[in-house]
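> model the following, please.
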Amino acid sequence: MRKRSRNRLWLLLPYVLFLGVLPAANRVAPTVLGLPFLFFWMLVATLATPPAVWLARRGDRARGRGGERA
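Numbering: from 1, shown residues only. Have a look, this model is predicted:
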């Protein structure tokens, strides 16, 4: 696999966290920090999305395909 493709794999992390693992995380019984497990899982997935996108962008910029700055 090329380096470019590996950088873009970071963009699959939110998809896997939100949809791929949802059937396994869809339960209420265990609570984490006072939240039902599903809510806690969605919170973790939401907080993990920006770093994953940043890592993919950083990899693209390092290879010279970062686009224009705003």
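> next one, pLDDT for residue 62 please.
On pLDDT, residue 62 comes in at 65.
> same question for residue 67.
Per the predicted model, pLDDT is 55 at residue 67.
> could you do residue 1 as well?
In this model, residue 1 is scored at 50, pLDDT.
> the bottom helix or strand of this structure by mean pLDDT?
helix 3-8 (a mean of 67; mean pLDDT, DSSP states H and E).
> could you pull out the strands in the protein for me?
31-32, 35-36 (DSSP state E).
> I'd like the average pLDDT over the last one.
Pointing back at strand 35-36 there. Strand 35-36 comes out with an average pLDDT of 86.
> chain center to that strand: distance?
Counting by Cα atoms, centre = their mean, to the nearest Å, strand 35-36 is centred 20 Å from the centre of its parent chain.
> residues in contact with that strand?
Strand 35-36 is contacted by residues 27, 28, 43 when judged by Cβ atoms under 8 Å, 6 or more residues apart in numbering. C-betas here are computed from N, CA, C, even on glycine.
> that strand: partners in the sheet, and parallel or antiparallel?
strand 31-32 (antiparallel) (DSSP bridges).
> what packs against the helix ranked longest in the chain?
Using DSSP state H to define each element, the chain has its longest helix at helix 37-62. In terms of contacts (3 or more Cβ pairs under 8 Å, 6 or more residues apart in numbering; DSSP states H and E), helix 37-62 is packed against helix 3-8, helix 12-15, helix 22-25, strand 31-32.
> out of these, which gets nearest to residue 53?
helix 12-15 (7.8 Å; Cβ to Cβ).
> closest to the centroid, which residue in the protein?
By Cα atoms, centre = their mean, the chain has its centre lying nearest to residue 14, at 3.0 Å.
> need the contact list for the residue located most distally from the centre of the chain.
Relative to the centre of the chain, and counting by Cα atoms, centre = their mean, the farthest-placed residue is residue 29 at 24.7 Å. By Cβ under 8 Å, 6+ apart, the contact list for residue 29 reads residue 37.
> how close does it get to residue 22?
16 Å (Cβ to Cβ, to the nearest Å).
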